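Student: Quick one, structure for this:
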Amino acid sequence: MMIEQQMTIADSSAMHSSKPPVASSTAIHGDAVAIMKSWPDKKFKLAVVDPPYFTGPEKRQYYGKKVSNKGVKRIDYPVTETWKMPGEDYFTELFRVSENQIIWGCNYYQYIFGTGRIIWDKVNGDSSFSDCEEAYCSLHDSVRLIRYMWNGMMQGKSLKEGHIMQGNKKLNEKKIHPTQKPVLLYKWLFDNYANAGDNILDTHLGSGSSRIAAYDMGFDFTGIELSPVHFKNQEARFKTHVSKLRLANW
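Tutor: Numbers count the residues shown, from 1 in each chain. Predicted coordinates for the structure are as follows:
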């Protein structure tokens, strides 16, 4: 297994939070289970992960189609070579290396989680996609709700006005991954469930939204991505984001 590691020293002037700055943001190219097996128990304070919910999306010939059956133009995402659902060994290692967990798609897995839930209402109207996404949260036993529009070019105005569409499409987050989640969603998660000084793990980095959110908020972060294509794309996205922040604070 080949592993590549990139580390970026955080610029404290670019932090958008009262939380103290941290030393690094790290992305690793490789298999999450194999990498976690090399780590000690409870290495991370919080794991926020979004593993594949099902296998073979490329075989379904949906992601990457430039035009839908209704004639709507779609984003031409890069092909994902492998789309592997996590097994019991993945969850065993994840719970071993992290003190607390937020796991998206928990309703899809044949695995027993606790009772805590986070529901993300995507305010997606009559879209054929799911109206909501569900995550297991080890930090409480209740159900918490966040509303943030995420439906193609229709994206939320802000976290406070997530049910209202952003009017200026130039301010929309650019999508580079078929199952990309918004940076603001991760910022909401970190704001509500992480504390100053926590280190955060994401085992399925994908578009790198979690990495960007952690960087902006001053959290130590480690992300893993198996696909070389998506690893390369999130690296480029992260570097561009950091460069823009530094220019803005110059």
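Student: How much space separates the residue nearest the centre of the chain from residue 88?
Tutor: Ranked by distance to the mean C-alpha position of the chain (CA atoms, centre = their mean), the top residue is residue 210 at 4.3 Å. Using CB to CB, to the nearest Å, we find residue 210 at a distance of 24 Å from residue 88. (Glycine included, C-beta is placed from N, CA and C.)
Student: quick revisit: so how far is residue 224 from the residue nearest to the centre of the chain?
Tutor: Noted for residue 210: a distance of 11 Å to residue 224, by CB to CB.
Student: Just say helix, strand or coil for residue 230.
Tutor: Put simply, residue 230 is helix when judged by DSSP: H, G, I helix; E, B strand; the rest coil.
Student: how long is stretch 98-112 from one end to the other?
Tutor: 17 Å (CA to CA, to the nearest Å).
Student: I'd like the next helix or strand past the helix or strand bottoming out on mean pLDDT in the chain.
Tutor: When the helices and strands of the chain are scored by mean pLDDT, DSSP states H and E, strand 4-9 comes last with a mean of 47. Per DSSP states H and E, the first helix or strand lying C-terminal to strand 4-9 is strand 24-29.
Student: For that next one, name the packing helices and strands.
Tutor: Here strand 24-29 touches strand 4-9, helix 209-217, strand 220-225, helix 228-248, going by 3 or more CB pairs under 8 Å, 6 or more residues apart in numbering; DSSP states H and E.
Student: any idea which helix or strand carries residue 48?
Tutor: strand 44-49.
Student: now the angle between strand 220-225 and that strand, please.
Tutor: Counting by axes from the mean of the first three to the mean of the last three CA atoms, to 10 degrees, strand 44-49 lies at 40 degrees to strand 220-225.
Student: which residues are contacting strand 44-49?
Tutor: Outside of strand 44-49, the residues within contact range by CB atoms under 8 Å, 6 or more residues apart in numbering are 94, 97-104, 186, 189-190, 193-195, 198-204, 210, 222.
Student: For residue 172, which non-adjacent residue is closest in space?
Tutor: The shortest distance from residue 172 to any non-neighbouring residue, by CB to CB, 6 or more residues apart in numbering, is to residue 155 (4.9 Å).
Student: same thing with residue 108?
Tutor: residue 53 (4.3 Å).
Student: Next, the contact list for the one you found, please.
Tutor: Going by CB under 8 Å, 6+ apart, residue 53 touches 85, 105, 108.
Student: quick one: contacts for residue 177?
Tutor: Neighbours of residue 177 in contact, by CB under 8 Å, 6+ apart: 77, 206, 207, 230, 233, 234.
Student: Closest one to residue 143 out of these, please.
Tutor: residue 206 (25.1 Å; CB to CB).
Student: I'd like the distance between that closest one and residue 191.
Tutor: 21 Å.
Student: Tell me which of those two has more neighbours.
Tutor: The neighbour comparison of residue 206 against residue 191 (other CB atoms under 10 Å) goes to residue 206, with 26 against 13.
Student: Leaving out the residues flanking it, which one is nearest to the more buried one?
Tutor: Distances taken as CB to CB, 6+ apart put residue 177 closest to residue 206, at 4.8 Å, once the chain neighbours are dropped.
Student: Give me the pLDDT for the one you found.
Tutor: Reading off the confidence values, residue 177 has pLDDT 90.
Student: Look at residue 88 and say how many residues are nearby.
Tutor: When neighbours are counted by other CB under 10 Å, residue 88 comes out with 10.
Student: Can you tell me the closest non-neighbouring residue to it?
Tutor: Among residues not flanking residue 88 along the chain, residue 111 sits closest, at 6.8 Å (CB to CB, 6+ apart).
Student: Would you agree that neighbour falls within a strand?
Tutor: No. Secondary structure of residue 111 (three-state DSSP): coil, not part of a strand.
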